[in-house]
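Enquirer: build the 3D model from these lines:
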Amino acid sequence: MAFFESEIVQEEAKRLFTDYQQLMQLGSDYGKFDREGKKMFIGTMEALMERYRVFMKRFELSEDFQAKMTVEQLRTQLGQFGMTPEQMFDQMTKTLERMKGELDQSE
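Expert: Got it, this is the predicted structure:
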């Protein structure tokens, strides 16, 4: 079975995309959240990032041609911004750490 024909892969891709869209929509009101709301948002974003990291690792480890092409396309697209997928994840992690730091300062 091809990588993208897997029901598990399709479901997780759909859930990741939907969860990300909902979180970004919710995040547009981040400045209006109380402290606990901000903590919940950051925690949810961290969990989503970890799910995405695992999902991408599956692509990298797959022997499927389409999966390998998807990884290469992502690398090419990010490369246009001078970034690798690893740097993208690192940058997102740093952003979430900064957000947590801002919360700690507001105590």
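
Enquirer: where does pLDDT dip in this structure?
Expert: For the chain, applying pLDDT under 70 flags the ranges 1, 107.

Enquirer: tell me what the helix of greatest length in the chain is packed against?
Expert: The longest helix of the chain (DSSP state H) is helix 35-61. Here helix 35-61 touches helix 7-27, helix 65-79, helix 85-105, going by 3 or more Cβ pairs under 8 Å, 6 or more residues apart in numbering; DSSP states H and E. Quick note: C-beta positions are derived from backbone N, CA and C, even for glycine.

Enquirer: wait, Glu46 touches Thr95, no?
Expert: No - at 10.7 Å, Glu46 does not count as touching Thr95 under the criterion of Cβ atoms under 8 Å.

Enquirer: okay, the helices and strands packed on helix 35-61 in CSV with distance to Met40 and mean neighbour count next?
Expert: Conversion of the helices and strands packed on helix 35-61 to CSV gives the following (distance: least, Cβ to Cβ, whole Å; neighbours: other Cβ atoms under 10 Å):
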stretch, distance to Met40, mean neighbour count
helix 7-27, 10, 12
helix 65-79, 29, 13
helix 85-105, 11, 13
